[in-house]
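Colleague: below is the sequence, then the predicted model.
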Amino acid sequence: MGITWLLLFQCAGESVTQLFGLPIPGPVVGMLALFVTLRSMGRVFESLSVSADGLARHLSLLFVPAGVGVMLHFARLAAEWLPIIVALVGSTVLTIAAAALTFSALMKRRQHGDEELPSAEP
Amino acid sequence: MNDDDSLFKLWVYLSATPLAGLTVTLTAYCIAYAIYTRARLHPLANPVLLSVVAIVILLKATNTNYATYFGGAQFVHFLLGPAVVGLAVPLAREWENVKRLALPIAGALIVGALVAIGSAVGLAYLFGASPSTISALATKSVTAPIAMGIAEHIGGVPALAAVFAVTTGIIGATVGKYVLDAVGVRAWRARGFALGIAAHGIGTARAFQVNPVAGAYAALAFGLHGALAALLLPLLWRFIARALSSG
């Protein structure tokens, strides 16, 4: 049942992006709409939880077909491999570090020890 | 008819149906996930990375083109849509905390988005990438469908933008733990958020595997970054393009 709701919200999201020519994909708009709906209901119903959590658990499987698409562009990647690798790896490392440090600096300022957040590491 | 011949015909038949692409995708992922679990979720054993490498090798070895493979794999690919919609669920559960953390969320979003585009464009430029590669790299930390849309606006190649986005996702999911450990950020919320900003959906997938709270913040970051980039990156790009052409 849960998957039906996900598809309905996706359809709604796709319709909105098509109708208004938004530059954001339909599923992202659908996520926003579902979020607003869930917040106004004040709870998440069981069947939806099961479907959404199941898909989230195997989210990485869903990226495999798109990932294999990289093979189509081997020629371009090979021709400019050095700037591409430096930019991808360097920028990804810098972005993770910058976002994490900003988040935790602002979080500490705000909370100032009122709640210690769980701190194990992945 | 000898054995080789009938085997070949069997292969031709199977590879022409969606069955082969779908089976290959799921089998590769099951094996990759088993390795990942056995390696105790070691980031270098990322299941997306392992599956993609294995499938690309298989397709090259059997001389199968991507379109044929995707004929089957599209059924898995299709589920991305409902999965993204479903990311609203962990977010709704976590909302009370999200509201309290509005400042760190907004700050990390803006800083992360600027560092992502600035460092990608800057490094690519310094190392002599061509203009079309640079514009495709600008959207590398944004989820692939949004990256493709932006690339059209700013004169990049959409397919290339998608490739860089997916590759960035895999890199972020793989190196994220080491970077976060190195900068000493240990809170799950900050770790998840950073992964979602830098490595969108694939980083979010990694975050969910490690911790559900990290996953919720990664999903939030990936949605916010996508929306922000779609709205502002085309405007920002005018300044960057001017700076690049005059520099």
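Modeller: Arrived safely.

Colleague: quick one: buried residues of the worst-scoring helix or strand of chain B on mean pLDDT?
Modeller: Using mean pLDDT, DSSP states H and E, the weakest-scoring helix or strand in chain B turns out to be helix B:3-16, at a mean of 74. Within helix B:3-16, the residues scored as buried using 16 or more other Cβ atoms under 10 Å in any protein chain shown are B:S15. In short, each C-beta sits where N, CA and C put it, glycine included.

Colleague: do the helix or strand bottoming out on mean pLDDT in chain A and chain B meet?
Modeller: Between all helices and strands in chain A, the lowest mean by mean pLDDT, DSSP H and E belongs to helix A:74-79, at a mean of 86. Yes. Interface with chain B: helix A:74-79 contributes A:R76, A:L77 (Cβ under 8 Å from any Cβ of the partner chain).

Colleague: remind me what that helix packs against, helices and strands.
Modeller: Helices and strands touching helix A:74-79, by 3 or more Cβ pairs under 8 Å, 6 or more residues apart in numbering or on different chains; DSSP states H and E: there are none.

Colleague: show me the helices in chain B, by range?
Modeller: Ranges of helices in chain B, per DSSP state H, are B:3-16, B:18-38, B:47-61, B:66-78, B:80-86, B:88-93, B:95-100, B:102-126, B:131-137, B:144-154, B:158-182, B:188-210, B:212-246.

Colleague: taking helix B:188-210 as reference, get the angle to the longest one.
Modeller: Comparing the axes of helix B:212-246 and helix B:188-210 via axes from the mean of the first three to the mean of the last three Cα atoms, to 10 degrees yields an angle of 110 degrees.

Colleague: now do the buried residues in helix B:212-246.
Modeller: Result for helix B:212-246 [16+ other Cβ under 10 Å]: buried residues B:212-230, B:233, B:236-237, B:240-241, B:244.

Colleague: what are the buried residues along the least confident helix or strand of chain A?
Modeller: A:R76, A:L77.

Colleague: and among the helices of chain B, the most buried is which?
Modeller: Mean neighbours per residue, mean count of other Cβ atoms under 10 Å in any protein chain shown, is largest over the helices of chain B for helix B:188-210, with a mean of 31.

Colleague: that one near chain A at all?
Modeller: Yes. Using Cβ under 8 Å from any Cβ, helix B:188-210 reaches chain A at B:188-191, B:193-195, B:197-199, B:201-202, B:204-210.

Colleague: confirm for me that B:L244 is in contact with B:L126.
Modeller: No. B:L244 lies out of contact with B:L126 (Cβ atoms under 8 Å); the separation is 11.2 Å.

Colleague: for the residue nearest the centre of chain A, give me its contacts.
Modeller: Central residue of chain A (Cα atoms, centre = their mean): A:V28, 8.9 Å from the mean position. Applying Cβ atoms under 8 Å, 6 or more residues apart in numbering or on different chains to A:V28 gives the contacts A:G13, B:V84, B:T143, B:I146, B:G223, B:G226, B:A227.

Colleague: would you convert the residues you listed into TSV that also reports distance to B:T17?
Modeller: Compiled in TSV, the contacts of A:V28 are given as follows (distance: Cβ to Cβ, whole Å):
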residue	distance to B:T17
A:G13	31
B:V84	28
B:T143	30
B:I146	33
B:G223	36
B:G226	35
B:A227	39
